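Participant: one predicted model, sequence on top.
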Amino acid sequence: MNTNASHGIRINGVSKVFAGLHRPAVDDVSLDIAPGEFMTFLGPSGSGKTTTLSMIAGFVPLTSGSICIDGKDISRLKPHKRDLGVVFQQYALFPHLTAAKNVAFPLQQRSVPKPEIETRVRDALELVGLSDFADRLPRQLSGGQQQRVALARAVVYQPRALLMDEPLGALDRKLRDQLRREIARMHRELGMTFLFVTHDQEEALTLSDRIAVFNNGRVEQVGTPDELYERPSTLFVAQFLGESNVFADDGQAIVVRPERLDLHADPDTVPDACQRRKAVVTEVVYVGNHHRIGLRFADGTEGSAMRLAGAVLPALPGESVVVSWSPSHQVALDQESEPCVEVD
Ligand SMILES: Nc1ncnc2c1ncn2[C@@H]1O[C@H](COP(=O)(O)OP(=O)(O)OP(=O)(O)O)[C@@H](O)[C@H]1O
Ligand SMILES: [Mg+2]
């Protein structure tokens, strides 16, 4: 299966105010999704990810702003006129139709000639690794297989982009990982623009070309996984994406990632050029390939460091250490951001 062209999506100052709510669910969001890009919306529950995706898909009308595909405003088109594939957490397959007939459905609706339907359905099922399951009904398929059928059905008519809202949310860990890899492969093979919504940072970091971090209906930062992790622009992003040590410092906050911290039992071994803080080790937890070392700093804040399994641990729980880091590994941020919201 191949798509001839990739398409760009532009979101211009889009807001959504639901009746009866005081604050906008989506608040002046602007974002460009490049042709062929894998873009992810990441953020805590209620931050406006689904509402934004639904406005792109056409299920929720915009309160203000506009959405363009390849420069054309689609904000007022009906969903089926937008030519976008959509997959939700719930598989939403027709229960009385086989996998093949489910996938054929959007092609029949578009009056595609029968022989072409057969070829395209075969290709789409092959793309998602379900060639041998064409004649099964949804209830004869596992959750992961049903979601593959939903993916095949969403791309079979070669839409301009594929939008996915928590498509792995209902699956157990192992299936999630497997299907996540399949989605990455589909993206490579199709070259199609993908928009993926999740509140799972690992999914976002491993799949995406770029991530838009949502908080309270706004986009806090857009960037590559690496940029967001190494150069967060707000405290919220630093704390939502990965673990951070945050040191208050004169109205600012210094953020350092756990793997950047060195621990010293003897303060004299700290290199002169390094920043330093005193801490007590609160716990040492073995997490497979590394140890997570819990820390309580002198001002009472909690943090953590990381040591690869096999490395010598400089201190045990209850012992004092000096924590150091190179200034080049710290990020200074304003402290204005609200505290991090718990991920569910
Ligand atoms: N149809 C609706 N009517 C009123 N309020 C709504 C409606 N849909 C969403 N909201 C509100 O808009 C805000 C954003 O919701 P949205 O579903 O976009 O969040 P989300 O980021 O997708 O969260 P989750 O990770 O839980 O799916 C929430 O406060 C939600 O309660
Ligand atoms: Mg949602």
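Facilitator: Happy to help now that I have it. Ligands and ions are numbered 1, 2, ... in the order given.

Participant: checking my notes, residue 36 in a strand, right?
Facilitator: No - using DSSP: H, G, I helix; E, B strand; the rest coil, the secondary structure at residue 36 is coil, not a strand.

Participant: and the stretch 101-250 of the chain, which residues reach ligand 1?
Facilitator: residue 199 (Cβ under 6 Å from any ligand atom). All C-beta spots, glycine's among them, are computed from the backbone N, C-alpha and C.

Participant: now the stretch 101-250 of the chain against ligand 1: closest residue?
Facilitator: Nearest to ligand 1 in the stretch 101-250 of the chain, going by Cβ to the nearest ligand atom, is residue 199, at a distance of 4.8 Å.

Participant: what's the burial count for that residue?
Facilitator: 20 (other Cβ atoms under 10 Å).

Participant: quick check: the gap between it and residue 211.
Facilitator: 12 Å (Cβ to Cβ, to the nearest Å).

Participant: can you give me the strands for the stretch 201-344 of the chain?
Facilitator: Taking DSSP state E, counting those that start in this stretch, the strands of the stretch 201-344 of the chain run over residues 210-215, 218-223, 245-249, 252-256, 262-264, 275-286, 290-297, 302-308, 320-325, 331-334.

Participant: and these as a markdown table, adding mean neighbour count and mean pLDDT?
Facilitator: Putting the strands of the stretch 201-344 of the chain into a markdown table (neighbours: other Cβ atoms under 10 Å; pLDDT from 0 to 100) gives the following:
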| stretch | mean neighbour count | mean pLDDT |
| --- | --- | --- |
| strand 210-215 | 24 | 98 |
| strand 218-223 | 19 | 98 |
| strand 245-249 | 17 | 89 |
| strand 252-256 | 20 | 93 |
| strand 262-264 | 18 | 94 |
| strand 275-286 | 16 | 95 |
| strand 290-297 | 18 | 94 |
| strand 302-308 | 17 | 93 |
| strand 320-325 | 20 | 96 |
| strand 331-334 | 15 | 92 |
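
Participant: ok, back up a step: which residues are common contacts for residue 199 and residue 211?
Facilitator: residue 42 (Cβ atoms under 8 Å, 6 or more residues apart in numbering).

Participant: helices along the stretch 51-200 of the chain, start to end?
Facilitator: Residue ranges of the helices in the stretch 51-200 of the chain, as given by DSSP state H, counting those that start in this stretch, are 99-109, 114-127, 143-155, 173-190.

Participant: most packed of these?
Facilitator: Ranked by mean neighbour count under mean count of other Cβ atoms under 10 Å, the helices of the stretch 51-200 of the chain are led by helix 143-155, which reaches a mean of 23.

Participant: let me know the angle separating that helix from helix 173-190.
Facilitator: 20 degrees (axes from the mean of the first three to the mean of the last three Cα atoms, to 10 degrees).

Participant: show me what the least confident helix or strand in the chain by mean pLDDT is packed against.
Facilitator: Between all helices and strands in the chain, the lowest mean by mean pLDDT, DSSP states H and E belongs to strand 245-249, at a mean of 89. Packing partners of strand 245-249 (3 or more Cβ pairs under 8 Å, 6 or more residues apart in numbering; DSSP states H and E): helix 235-240, strand 252-256, strand 302-308.

Participant: and those as CSV, adding distance to residue 78?
Facilitator: Formatted as CSV, these follow (distance: least, Cβ to Cβ, whole Å):
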stretch, distance to residue 78
helix 235-240, 35
strand 252-256, 45
strand 302-308, 50
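
Participant: which one of those lies nearest to residue 80?
Facilitator: Closest approach to residue 80 among the helices and strands packed on strand 245-249 (Cβ to Cβ): helix 235-240, 35.0 Å.

Participant: near residue 61, how many other residues are there?
Facilitator: 10.

Participant: er, residue 142 I mean
Facilitator: Residue 142, neighbours per other Cβ under 10 Å, totals 11.

Participant: grab the nearest non-local neighbour of it.
Facilitator: residue 175 (7.6 Å; Cβ to Cβ, 6 or more residues apart in numbering).

Participant: same question for residue 231.
Facilitator: Closest residue to residue 231 apart from its sequence neighbours, by Cβ to Cβ, 6+ apart: residue 331 at 6.3 Å.

Participant: quick one: contacts for the residue minimising distance to the centre of the chain?
Facilitator: Against the mean C-alpha coordinate of the chain, by Cα atoms, centre = their mean, the closest residue is residue 204 at 2.9 Å. Residue 204 is in contact with 40, 42, 196, 198, 211, 225, 241, counting by Cβ under 8 Å, 6+ apart.

Participant: now the two most distant members of those.
Facilitator: Every pair of those checked by Cβ to Cβ; the farthest is 196 and 241, at 15.5 Å.

Participant: between these two, which has more neighbouring residues?
Facilitator: residue 196 (27 against 19).

Participant: pLDDT score assigned to the more buried one?
Facilitator: Residue 196 is assigned a pLDDT of 98 by the prediction.

Participant: what do you get for residue 315?
Facilitator: What the model reports as pLDDT for residue 315 is 85.

Participant: number of nearby residues for it?
Facilitator: Residues near residue 315, counting by other Cβ under 10 Å: 18.

Participant: can you put the helices of the stretch 51-200 of the chain in TSV and add distance to residue 164 and mean pLDDT?
Facilitator: Putting these into TSV (distance: least, Cβ to Cβ, whole Å; pLDDT from 0 to 100) gives the following:
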stretch	distance to residue 164	mean pLDDT
helix 99-109	16	96
helix 114-127	15	95
helix 143-155	8	93
helix 173-190	8	92
